[in-house]
Each structure stands twice: as structure tokens, then as C-alpha cells.
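Trainee: the following comprises the amino acid sequence and a computationally predicted model.
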There are 2 protein chains.
Amino acid sequence: MTSTPITDALRYRPGTDLADLDTRATPGFDGDKDDAAKELPDLAPEMADLQEKLFAAGYTGSGQRLLLVLQGMDTAGKGGILRHAVGLLDPGGMRLKAFKKPTQEELAHDFLWRVSREVPAAGEIGIFDRSHYEDVLVVKVHELTDAAEIERRYDAINAFEKNLVDSGTVMIKCMLHISKDTQKERLLARLEDRTKQWKFKPEDIDERGHWDEYQAAYATALERCSTAHAPWYVVPSDRKWYRNWAIGQLLREALRAMDLDWPTPDYDVEEQRARLENEREGGE
Amino acid sequence: MTSTPITDALRYRPGTDLADLDTRATPGFDGDKDDAAKELPDLAPEMADLQEKLFAAGYTGSGQRLLLVLQGMDTAGKGGILRHAVGLLDPGGMRLKAFKKPTQEELAHDFLWRVSREVPAAGEIGIFDRSHYEDVLVVKVHELTDAAEIERRYDAINAFEKNLVDSGTVMIKCMLHISKDTQKERLLARLEDRTKQWKFKPEDIDERGHWDEYQAAYATALERCSTAHAPWYVVPSDRKWYRNWAIGQLLREALRAMDLDWPTPDYDVEEQRARLENEREGGE
């Protein structure tokens, strides 16, 4: 039930005001919640096939990699995406990294150090739950470094991503876009449910006090780091079912576009078959 | 359709001859292939609940962790287990590590160095695809180090695992047990299918020539490293459906036995709810 390619529907176009992008919209999707819930798991077989082809290509020398970057305000749904969309992938070919508050060791290096160590290897699908963009988001909002360093980082990010892309990585950078009211509802829901209370921290409300500054920091990051090689996608995320569906579609579309196929064996199949069939007890 | 607890049915009992354990058996399971294929995905909701409780406990200070170790001869099915059984888990709380041929840097350290860096953190489910046991398996068969060092390693492994377990980790060590004939069938199947040819290497047949030595090395490892704190499970793996089902059951049983529950919030829920509900536009 896709009307336009999801990449076209969601790609951020520099100049667009983030506040004008509807957080309840369902771009590229004509159905409702039930349709999306049915469609998402139906992606699994094709994704499994494409992922295994990517993995096989990596195994035999291709430098192709995929990197999904997930960014969003608290409660935007990074966890739900891991469970429902990323969970469709084979864990064997996946490299997931959640970036937390940096350690002392990480802070002793430049901001890209910890990130560059976690990028996917050939054949892998990497998933970043938060990323180097935190270094121009939370760091900017709380002025954890000076303005000139923040300013420097946008170009450094673009150069870093260009190197990744030029050496074989396809990047899908997603901002999970929710409204301030939705965040309030979700934080209240966490407080009301004993199976969710552990996800809540009083600091979450303090951070909410900086909502507008965070939106401004996101707007600048989208503006400065939407490049031809690594575009941003803004995924309306007030509707969880749309958000999960959209991420699944973005993954599938990226994998399809990689034009993957099974590698040709670098050994003689008939010769190896004969070796196996003629082997004697106790070795060949 | 479980008749006895899976841990009892599969636990390796020192003194048992590995060759006496039937690779086509289905211990603890009364049904057939179709039943197993239906039962395995049905585990997902309970596993999701237990895994999230484990993760929540880790988030709030519990030192509980789970570590699944997968060992087996080539084609025994580590990949299939990742897809079908481990794939039931939420990737967000999982830490999967595939150990390959050691790098020069890894070889410059003691054999447990690279492994100890990859053990799960509090709240995580770690999965080792191969492990420190390779250092008493392939290393022993090919005499990559001297006999005295191999001998030393069994006790070193037991001490390493005891520290993990005493500090909160539950270990599930699985040997995926297949027959030599089954391996031959599976290698031939890889050669016959262009979607599987990339998994085959001519060296796989060379390694098959050492089958009996590998079985002997496994037997010694099981004998020496089956401890009360970290038992080995021998999973008959000629039938893929049984193997996947059994690993799912082992994971569930281990999670159940951890006696997990939602943590109690360390903040005042009513106070936080009031903060959220009374917040004014533009911050608190």
C-alpha cells in the first residue's frame, strides 16, 4: 500500500521548517493501523533474503554496508523500532550500538572517535541508537562545549559520512519526529504503568523544559548535514505503527537499491562435490 | 509439549561418552516438526516480557546477565539458531559476538582477553557464536599451541566462568551435536544451492578429515568444563527444528529461573505526574 517511494516521501529538503512537518502524518502510506501492522511482518522474508545477500557479498570481498541512524527526542520510539522493525532482521548480520552519555575515555578523544569504532563492517547492517548527532544536539543545548567547536562539527560530520559512503556504506539517517504533546502523553503513560516506570527518570521532565532548543538544534543539524551522499529522513512518529512501518520500508528500499546478488563461488563446485562424495572413512 | 525440563534433558553428565548421545534424538519434546515450528514463535511474547524485565533490572542496578554460548562443528547450525531462536529476542537488549580466527592483536594477549571484553553487561543477553572453547578445540586439533598450555586452559576457563557466574551471569553453554553423515549432507546441500555456495570453503572438507580429533577435543572440553556453576548442554542437532526449539526452551527456562520482576521506581510517581500535568507552556 505504498503510493510513492518512501525515500522520496520522507527525505528532508533543506529549507523546510521542521515545525511545518506534521508529526501525525503518514507519508507514502494509504492504509490504517491494522494494514501497517499486517504489512510490517510481511516484509520479513524479502528483508531476510536481501540481508543474506548483503552478508554473503561481504563475506566474499564486497565493501557494501548499511547503516541506519536513529535519532529522536525521548519517547520518540527508538526502542520500539528496534523491537518491531530492526527485529525483523537476522541478528547474525547486524551490528547494533546504543550510544550513551560519553565515558571519560570517550571524552578524551574527538567526538567521532567512539562512533567510528562502531560502524558496520562489510556485509553488515549497522544500527546506531543515538549517534554522533548527539554531539550537536544535547551538547549544543546544554552548552557542553563552545560554539566554535559545535560549528566545526557539522562539516566534520559531513566529511566523516562522505568517507563512509564513498567506501561502500549506504546511510539511512532518521529523525523520529514527535510533538511535545505526544511526549507528554507517553511520559504520563510510563508513570502510570509499572512495566514502564523503569524507563522514566525525573530528568526527562527537566529535558522537556528545553524542547524548543532541542527542536532548533535538530533543525540546524538537518539543514547542515542533509547531503546528497547521506540525506536525512524525517519520520513522523506520533503514530507508532506508521513509524515502525516507515523504518521497515526505508530499510527494504535501501537494500533493494544496493542491487545485491549471490556471489559466484571462487572454487570449482564439481571438484568439491567429488571430493566430498569420494571421501573414505577416516579422512579423504 | 515439554515432558521434562529441558535443562535436565540436555545437561551433559561427566562420564558420558559423547558418541553415545544420539544426534537425531529429541529429548524433552514429544511432538514432531510441525509442532516445534508452531511452538517456537509462540515463545516470543513470554521471552519478550522476561527479557525486558532483565533489561529493566540491569538499568536499575541489578547485576543479572545471561550468556548463551554456541559451539558446534561446521554446519551444526549456529546461523540457524541466530535467525530462528535468538531472533525471537529484542535486539535492543542483546549483545551478539561472533568470534573468528584471532587477529594478531588478539594473539598477542592471553586467550581469554578477547572474550572477556565481549561478555554481556548488566541486563543484557549475550550470545557467543563460537567462544573461548575454540582455544581448546581448533587450537588443540591443529596443535597451534603446546600441550601444557592446552591443559592449563581448562582450569583457566572454569575460573573465568566462575567469576562471571558469581558476579551475576547465568551461562548456557550449548554444544550443537551433529553426526558426520549429517555434515556431509549439509555440505553437499551448500554446494548444490547457489544461495548457499558462499557459505562453503574447500577447507571445510579438510577440516572434516579431522572429525574424530574434533570429537575427542569436544569430549575433553565437556568433561573438564562441565561445572555446577556453568554446565554444558548437548543439543542433538541433526534435526534443525528440534535444535532451534531446544535453544528457545533453554533461553526461556534460564530467564524464568532468574526470578525477574519489574523494579520499584526510585522516584515519587505522584510527584512526577504532578510536575508533568502542571507544566506551563514554555517550560515549567
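Mentor: Sure thing, it's come through.
Trainee: for residue A:8, which non-adjacent residue is spatially closest?
Mentor: Excluding its sequence neighbours, the residue lying closest to residue A:8 (C-beta to C-beta, 6 or more residues apart in numbering or on different chains) is residue A:28, at 7.8 Å. Using the backbone N, CA and C atoms, a C-beta is placed for each residue, glycine as well.
Trainee: quick one: that neighbour and residue A:246, what's the gap?
Mentor: Distance, residue A:28 to residue A:246, using C-beta to C-beta, to the nearest Å: 7 Å.
Trainee: and the lowest-mean-pLDDT helix or strand in chain A, what's buried?
Mentor: When each helix and strand of chain A is scored by mean pLDDT, DSSP states H and E, helix A:33-42 comes last, with a mean of 92. By 16 or more other C-beta atoms under 10 Å in any protein chain shown, the buried positions in helix A:33-42 come out as A:36, A:39-40.
Trainee: so which of those reach chain B?
Mentor: With C-beta under 8 Å from any C-beta of the partner chain as the criterion, the buried residues of helix A:33-42 include none near chain B.
Trainee: between these, which is nearest residue B:185?
Mentor: Nearest to residue B:185 out of the buried residues of helix A:33-42 is residue A:40 (C-beta to C-beta; 35.6 Å).
Trainee: check contacts around that closest one.
Mentor: Taking C-beta atoms under 8 Å, 6 or more residues apart in numbering or on different chains, we find residue A:40 in contact with A:84-85, A:88, A:244-245, A:248.
Trainee: try residue A:254
Mentor: Taking C-beta under 8 Å, 6+ apart, we find residue A:254 in contact with A:7, A:66, A:170, A:172.
Trainee: in which helix or strand does it reside?
Mentor: Using DSSP states H and E, residue A:254 falls within helix A:240-257.
Trainee: hmm, who's touching the next helix-or-strand element following that helix?
Mentor: The helix or strand immediately downstream of helix A:240-257 is helix A:269-277, counting by DSSP H and E. Residues external to helix A:269-277 that are found in contact with it (C-beta under 8 Å, 6+ apart): A:284, B:184, B:187-188, B:191-192, B:197, B:200, B:202, B:205.
Trainee: one more time with 6 Å, if that's ok
Mentor: Helix A:269-277 is contacted from outside by B:187-188, B:191, B:202, B:205, using C-beta atoms under 6 Å, 6 or more residues apart in numbering or on different chains.
Trainee: try stretch A:159-166
Mentor: Here stretch A:159-166 makes contact (C-beta under 6 Å, 6+ apart) with A:112, A:229-230.
Trainee: emit the ChimeraX select command for whichever of these are buried.
Mentor: Selection command for ChimeraX covering only the buried members of the contacts of stretch A:159-166, criterion 16+ other C-beta under 10 Å:
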select /A:230
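Trainee: need the contacts of stretch A:159-166 in a markdown table (columns: pLDDT, secondary structure and distance to residue B:126).
Mentor: Output for the contacts of stretch A:159-166, formatted as a markdown table (pLDDT from 0 to 100; DSSP: H, G, I helix; E, B strand; the rest coil; distance: C-beta to C-beta, whole Å):
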| residue | pLDDT | secondary structure | distance to residue B:126 |
| --- | --- | --- | --- |
| A:112 | 98 | coil | 27 |
| A:229 | 97 | coil | 35 |
| A:230 | 98 | coil | 32 |
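Trainee: ok, the contacts of stretch A:159-166 vs chain B, which is closest?
Mentor: Of all these, chain B sits closest to residue A:112, with 21.7 Å by C-beta to the nearest C-beta.
Trainee: and the pLDDT for the residue lying closest to that closest one once chain neighbours are set aside?
Mentor: Nearest non-adjacent residue to residue A:112, counting by C-beta to C-beta, 6+ apart: residue A:160, 5.4 Å away. pLDDT for residue A:160: 98.
Trainee: then residue A:268?
Mentor: With respect to pLDDT, residue A:268 has a value of 98.
Trainee: gap between it and residue A:261?
Mentor: According to C-beta to C-beta, residue A:268 and residue A:261 sit 20 Å apart.
Trainee: same question for residue A:232.
Mentor: Going from residue A:232 to residue A:261 by C-beta to C-beta gives 29 Å.
Trainee: and residue A:17, how many neighbours does it have?
Mentor: For residue A:17, the tally of surrounding residues (other C-beta atoms under 10 Å in any protein chain shown) stands at 7.
Trainee: any idea what sits nearest it, other than its immediate chain neighbours?
Mentor: What sits nearest to residue A:17 in space, not counting adjacent residues and going by C-beta to C-beta, 6+ apart, is residue A:219, at 7.5 Å.
Trainee: all strands for the stretch 1-150 of chain A, in order.
Mentor: Taking DSSP state E, counting those that start in this stretch to define them, one finds strands in the stretch 1-150 of chain A at A:65-72, A:94-98, A:125-129.
Trainee: using PDB, list the CA coordinates for the longest one.
Mentor: Taking Å, rounded to 0.1, in the frame of the first residue of the first chain, the C-alpha atoms of strand A:65-72 are listed here in PDB:
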ATOM      1  CA  ARG A  65      27.500  -2.000   4.200                       C
ATOM      2  CA  LEU A  66      24.300  -0.400   5.500                       C
ATOM      3  CA  LEU A  67      24.000   2.000   8.500                       C
ATOM      4  CA  LEU A  68      20.700   3.000  10.000                       C
ATOM      5  CA  VAL A  69      21.000   6.000  12.300                       C
ATOM      6  CA  LEU A  70      18.100   6.600  14.800                       C
ATOM      7  CA  GLN A  71      17.700  10.000  16.500                       C
ATOM      8  CA  GLY A  72      14.800  11.500  18.300                       C
END
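Trainee: direction included, what does that strand pair up with?
Mentor: Using DSSP bridges, the strands paired with strand A:65-72 are strand A:125-129 (parallel), strand A:169-177 (parallel).
Trainee: which residues touch it?
Mentor: Outside strand A:65-72, the residues within contact range by C-beta under 6 Å, 6+ apart are A:78, A:120, A:124-129, A:131, A:133, A:168-176.
Trainee: give me the buried positions along stretch A:243-260.
Mentor: In stretch A:243-260, counting by 16+ other C-beta under 10 Å, buried: A:243-255, A:258, A:260.
Trainee: hang on, I meant stretch A:142-162
Mentor: A:145, A:149-150, A:153, A:156-158, A:160-161.
Trainee: any idea which of those residues is closest to residue A:32?
Mentor: Using C-beta to C-beta, residue A:161 is the member of the buried residues of stretch A:142-162 that sits closest to residue A:32, with 35.8 Å.
Trainee: so how far is residue A:199 from the closest one?
Mentor: Residue A:161 sits 30 Å away from residue A:199, going by C-beta to C-beta.
Trainee: and residue A:49, by the same measure?
Mentor: Plainly put, residue A:49 is 35 Å away from residue A:199 if you go by C-beta to C-beta.
Trainee: of those two, who's got more company?
Mentor: With neighbours defined as other C-beta under 10 Å, residue A:49 and residue A:199 compare such that residue A:199 has more, 20 against 14.
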